[in-house]
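Undergrad: Take a look and give me a structure for this.
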Amino acid sequence: MFVDSHAHLDGKQFDADREQVIARARESGVETIVAIGNGDGLGTLDCGIRLAAKYDFIYATVGIHPHEAEQAKDSDFDEMAELARQPKVIAWGEIGLDYYYDHSPREVQQRVFLKQMELASAARLPIIIHCRPSDGSENAWDDCLGLIEEHWAASGLGGILHCFTGIWAYAKRALDVGFMISFAGNVTFPKGQAIREAAKEVPIDRMLIETDCPYLAPVPHRGKRNEPAFVKETARRIGEIRGTSAEEVGFQTAQNFYRFFKLPQTAESI
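TA: From the prediction side, this is the model:
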């Protein structure tokens, strides 16, 4: 039993064999996948919904990634407000701040982040957070968590810090305002010691796992295209860190997922 809580299956990297990739995930024990609805940017914000409509075991999100924040128009926010009404949309995201690439000016990223928090609150959806600091600085974490604490925590809806890359102190701040912490393949990387230390500290009942595919394929698949079947390797590494099995980590994080999103144990039982 595994849940891939964050997958970009709409990407062109999967155009040649998407159905086979999804079939491999099922054969590997992945029972539920969340298709993240950023797409290739504005104009493709329904990409997760289209996948969720095709597969009973896939859920969807909607959201404008910080990379595309500068392009966001009022009509895009209106479109997302409508898309968020779809029954299989379970979260708003991924949204947040990216100070590493700075594809959009930081003040614009923050403004679009705040606007999407408003929309998510109106839709009564939790948020999925992307946060990446610039080299040698953790300023994105302080800005991102500060905005969440000031403008989101009171909603009581919580959210997910996706593909967590920070230190335990940042995870703790998010946990304190009702967030789940999701770990991806980089927990297996040689330079991922800080992530592993956080994975040891996060309470097991507040943890999720993901692939963020097609990115961040875990060891032993590093350097290849990532896919949902590989989420088991992330579970295995976390199990090693915590002194338990991949299966137990998979089972517990799956239970956490269904509980957090108030979903039935498997999507097939809808």
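
Undergrad: buried sites along stretch 126-144?
TA: P126, I127, I128, I129, H130, C131, R132, P133, A140, W141, D143, C144 (16 or more other CB atoms under 10 Å). Glycine gets a C-beta too; all of them are placed from N, C-alpha and C.

Undergrad: Next step: these restricted to strands.
TA: Of the buried residues of stretch 126-144, the ones assigned to strands by DSSP state E are I127, I128, I129, H130, C131, R132.

Undergrad: Put together JSON lines for those residues, with distance to G39 on each row.
TA: Converted to JSON lines, those look like this (distance: CB to CB, whole Å):
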{"residue": "I127", "distance to G39": "18"}
{"residue": "I128", "distance to G39": "14"}
{"residue": "I129", "distance to G39": "18"}
{"residue": "H130", "distance to G39": "14"}
{"residue": "C131", "distance to G39": "20"}
{"residue": "R132", "distance to G39": "19"}
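
Undergrad: Could you double-check that K73 lies in contact with G43?
TA: No. K73 is beyond contact range of G43, at 10.8 Å (criterion: CB atoms under 8 Å).

Undergrad: what about these two, which has more around it?
TA: Set K73 next to G43 and count neighbours by other CB atoms under 10 Å: G43 wins out with 12 against 9.

Undergrad: Report the secondary structure state of that one.
TA: coil (DSSP: H, G, I helix; E, B strand; the rest coil).

Undergrad: From T211, how far out is it?
TA: According to CB to CB, to the nearest Å, G43 and T211 sit 25 Å apart.

Undergrad: who touches Y258 in this structure?
TA: If you count contacts by CB atoms under 8 Å, 6 or more residues apart in numbering, Y258 has them with V3, P264, Q265.

Undergrad: Let me know the helix or strand that it is in.
TA: According to DSSP states H and E, Y258 maps onto helix 246-261.

Undergrad: Now that helix: buried residues?
TA: Of the residues in helix 246-261, those with enough neighbours to count as buried (16+ other CB under 10 Å) are A246, V249, G250, F251, Q252, T253, A254, N256, F257, F260, F261.

Undergrad: Do you know the pLDDT at I270?
TA: According to the prediction, I270 has pLDDT 35.
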